[in-house]
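Trainee: sequence and predicted model, in that order:
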Amino acid sequence: QVQLVESGGGLARAGDSLRLSCVAYQLTFPNYRMAWFRQSPGQAREFVAAITPIGLSGPTTDYATSVNGRFTISRDNAKNTVYLQMNSLKPEDTARYFCAASGTGGNVYHPQTYLKWGLGTQVTVSS
């Protein structure tokens, strides 16, 4: 069965960097759009970043306004892995971060578009 397994979360201070990884098992990884969402207690799941399958001109990426310029999403199809490089972390980035996979249709920003989810990895940023 399909599994998405996140890692790389932890404690950080404001201004620090972390890199999250998500390994996909039993998934035809190159064919899927991959995304990161995050969720804080009592809050809705929030889009962070997404990356399309690698096409002729390379994958395309999309970012939430709140992380644009600080976070970078990338993928390594040979390793069935998607990454989220998070730089210049802020306390408001504190959340549980989830990896998700979808086909190429649907609204990239909506959690309902995504078919498969990992269990998440916690990121806590102190000021």
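Mentor: Cool, got the structure.
Trainee: how about the contacts made by the closest residue to Ser88 other than its chain neighbours?
Mentor: By the measure of C-beta to C-beta, 6 or more residues apart in numbering, the closest residue to Ser88 outside its immediate chain neighbours is Arg70, 4.7 Å from it. To be clear about C-beta, it is placed using only N, CA and C from the backbone, and glycine gets the same treatment. For Arg70, the contact set (C-beta atoms under 8 Å, 6 or more residues apart in numbering) comprises 86-89.
Trainee: if any of those residues are buried, put those into a ChimeraX selection.
Mentor: Buried members of those, identified by 16 or more other C-beta atoms under 10 Å, are gathered into one ChimeraX selection as follows:
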select :86,89
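Trainee: and which of the contacts of Arg70 is nearest Asp76?
Mentor: Met86 (17.3 Å; C-beta to C-beta).
Trainee: can you give me the buried ones in stretch 88-106?
Mentor: By neighbour count, and taking 16+ other C-beta under 10 Å as the criterion, the buried residues in stretch 88-106 are 89, 93-102.
Trainee: good, we can wrap up now.
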